[in-house]
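In: Return a 3D structure for these sequence lines:
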Amino acid sequence: MAHSPGHQGTWHWYEDHARGTGELARRFAEPWGGGDLAYQLGRDHDTGKGACAWQEGLIEEATTGRKTRRPPHNDAGALLFARAAERSPALLPCAGVIKGHHAGLSAWSEVRLRLKALMADSSEVDEAIHRVAAVMPEILDGSCPAAPDWLDPRDAIAVEMLVRMTYSAVVDADRLDTAAHFRPGTHIRPHIGMAELWERYEARRQEAITERQRSKGASWLDKLRENVYQEALEAATGKPGVYRLHLPTGAGKTFTGGGFALRHASMHRLRRVIVAVPFISITEQNAAEYRNLLDPEQGPSVVLEHHSAVNVEAPQQRTPQSAGTSTNASHGQKGGRPNRWSKLATENWDAPFIVTTTVRLIETIFGNSPWATRRLHRLANSVIVLDEVQALPDRLLTPILSSLRELVEHYGVTLVLSSATQPELAALNPWRSGLPQRDVVSDPAPLFKQLRRVRYDWRTGPDVTLASIATEAAEHDQALVVVNGTKDANQVHRVWIGTNHAEDPGVLHLSTRMTGGHRRETIQTTKQRLEEGLDTLLVSTSLIEAGVNLDFPRGYRARSTPESEQQAAGRVNREGKRPAKDSVMTIFDPRDGLNPELVYNTCAIAAASRHFGDGLAYPDDLDALRSYYQHRYRLQAGQHSKDPNGATGEVIEALRAKLHYPEVARRMRIIDNEHSVAVVVIRPHLKEETRQAAQNAVDQLRRGLPTPATFHTLQEHMASIPQRELELAINAGHAIEIAGDLHQWVGPYHPQRGIEPLTCPSRPPSSDSSMHWSRPRCDGQWHRNENLKL
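Out: Next comes the predicted model:
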């Protein structure tokens, strides 16, 4: 047997699971020529389950309901493959696929040592192999599948990526076959042709344009956007490869990128489109727009929005330390074990159109755990749109560009680099030769001149503070302030509501400390107030800088990088209804604000200071931007000898060549989990049915019975806080475990700012839910705000 009886009381027989996993893995890996390889690894991945001790443990667990300790079952199949691959040494590291199909890809050096020991003495696994061979004799034929014909055995990076992709295909196939046993039904989404989606997208886009022009009238900007769109459709007929979509903010990048990707996928019979953006706020907005254009009126959604950072396979690691919260541990999994159902329900991107974050995409490519990596094989034969590509971190550029090149050259990927501030990526080593880049729009320079809609102003000096800028912004009827961190945003908002704006619905705040639904409501409220001409003040972190369609007459941006400053300026006079000279974007350097060098790349800040500022170039000057990027990368190269991590990730690339998967995964985290974590917040003011749906999803996770829909339901209830604050919150009783590393926030939640920064682990003096308890003052005492209800 492979698994205990499912809901229908039937055992999952080993042969059925082995062949089912193998055939599904073959189907997943065929696009890159790895079908036979994936089949054999999938077929043999559970060979160790043939051991009598393992079978007896499974039977005892199924009959008594008690967890039993069973021997590891990942050595036998790995040994079988290693023996077969002796004739094809380049494929030998694929034995790590079987070795790590539950715990994750290990460093090849460790796997090789284990295989060497098993080659010398296989007594530990012989029983399992012989018992499985009794029902599946083909496992002993010793044949080795052919490597993909493009694989160069001398290319360590190509081997590294092949192991990753094959691992993904096998792990996803294993999970899907297991899920089908425990929950009979359709677990693989029917294929939807890109031609059908492209036709639907274009028809609905035309309807939306007609309706917009009927209600608001046609404008010069509409005509410009349509011309750009049509040029992009022409470019979509080109061959698969790397494309640059270089457009100024407001030129319609979202619709143009989607149209290009869908038409290109339709013409070249690619299987899906994946749009990756740097900020959660953009996934939320873009996914809503794409759903309107692509989802059927009835039936399953075509568009999958995935940005949740939850690792449901992580065992419970945190235990509340205060006596009053010790019982919260009962909400988690018994003994800290990962939950089977949660593992089977983790997201695998089985949808034709994915909207995700850059963090999730990079985690998918470079992770080593099953929960992150099982979706990697879905990238093959797809269009990947990297929106706001300038946001890729410099310290990781070498491995990112190297892996993207692999996907383009060997896995049928077309890559679209979309940005108003295109970085000079061809200047970096992985792309310096042999990888042509084509422009979707041949000459963007005139567009930038036509769409220059703001005048920049620089503000520096000892008198410039967050409070002084907040006070100045409040003198305008409508103004946007963008700062570098959540605490700065909190401070600006407090200045506003501390004056005469305490009850003003037009004083708004936006940051990742708010849930996805709360952010969406705030953006919609802001947009509506701006359109109606109502007084509106909004302070935001950088999450507003891309894809959020707001149109302020006045803007302020804390000093950062030119690409970020230009993106912030894209929220000012966005529709070009005002003269540029009257639409001012002030770049300010607050002496009490978060140091931009703590948020942005140090070399980027240094290069920006040389090219942009008072008396220098504007952030939307294309020539200056080109020089800035070249200068920035030169500075990075100069840092290489001093930086143990490598200037642009060269050390990580060396680890990839050594097949050190765990260390690569650790170093490739764009947002370190030790510094930022997601929590579920069910806001008190939501409608009862919405609250109940969210609570049901939480309860499903706690009981260990989630489905993919469970995670989709919770996404709009996710907020982010620093890891250290989560630890304080657990001890204060403000956060309780749900599953894995996911917690539910049950502490105070500000109706405008979300989760306030925590500084003290103590509890409020009362559980009276009708009052809003603020954090302790400097004297450490809680104080009650009588006027503010939760």
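
In: ok, now how distant is the residue located most distally from the centre of the chain from residue 50?
Out: Distance from the centre of the chain peaks at residue 134, with 44.7 Å (CA atoms, centre = their mean). Distance of residue 134 to residue 50, computed by CB to CB, to the nearest Å: 8 Å. Where you see a C-beta, it was placed from the backbone N, CA and C, and this is true even at glycine.

In: Same check on residue 138?
Out: 14 Å.

In: Quick check on the two: which one has the bigger neighbour count.
Out: Relative neighbour count places residue 50 above the other of residue 138 and residue 50, with 26 against 10, counting by other CB atoms under 10 Å.

In: can I assume that one is in contact with residue 18?
Out: No - judged on CB atoms under 8 Å, residue 50 makes no contact with residue 18 at a distance of 10.2 Å.

In: which residues are common contacts for those two?
Out: residue 132 (CB atoms under 8 Å, 6 or more residues apart in numbering).

In: what's the helix or strand for residue 273?
Out: Using DSSP states H and E, residue 273 sits within strand 272-277.

In: domain assignment for the chain?
Out: 14-182, 229-307+351-444+645-671, 452-639, 677-785 (automatic domain parsing).

In: separation between the residue positioned nearest the centre of the chain and residue 174?
Out: Nearest to the mean C-alpha position of the chain, by CA atoms, centre = their mean, lies residue 360 at 2.4 Å. Using CB to CB, we find residue 360 at a distance of 21 Å from residue 174.

In: Double-check that residue 690 belongs to a strand.
Out: No - counting by DSSP: H, G, I helix; E, B strand; the rest coil, residue 690 falls outside a strand, being helix.

In: what about it, how many neighbours?
Out: Neighbours of residue 690 using other CB under 10 Å come to 15.

In: I'd like the numbering to begin with 56 instead of 1 from here.
Out: All right, first residue 56 from here; so that's residue 745.

In: And the pLDDT at the closest residue to residue 324 other than its chain neighbours?
Out: Leaving aside its sequence neighbours, residue 324 sits nearest to residue 249 (CB to CB, 6 or more residues apart in numbering; 7.2 Å). Note for residue 249: predicted pLDDT of 92.

In: re the thing from before, can you redo the domains of the chain as TSV with mean pLDDT and distance to residue 58?
Out: Converted to TSV, those look like this (pLDDT from 0 to 100; distance: least, CB to CB, whole Å):
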stretch	mean pLDDT	distance to residue 58
domain 69-237	95	6
domain 284-362+406-499+700-726	90	16
domain 507-694	90	35
domain 732-840	75	15
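
In: Quick one: closest of these to residue 274.
Out: domain 507-694 (7.6 Å; CB to CB).

In: okay, now residue 207: neighbour count?
Out: Residue 207 has 11 neighbours, counted by other CB under 10 Å.

In: Could you do the one 3 residues further on as well?
Out: Counted with other CB under 10 Å, residues neighbouring residue 210 total 15.

In: Go through the strand or helix carrying residue 709 and flag the buried ones.
Out: Using DSSP H and E, residue 709 maps to helix 705-712. For helix 705-712, the neighbour count (16 or more other CB atoms under 10 Å) marks 705-708, 710-711 as buried.

In: Okay then, goodbye and thanks.
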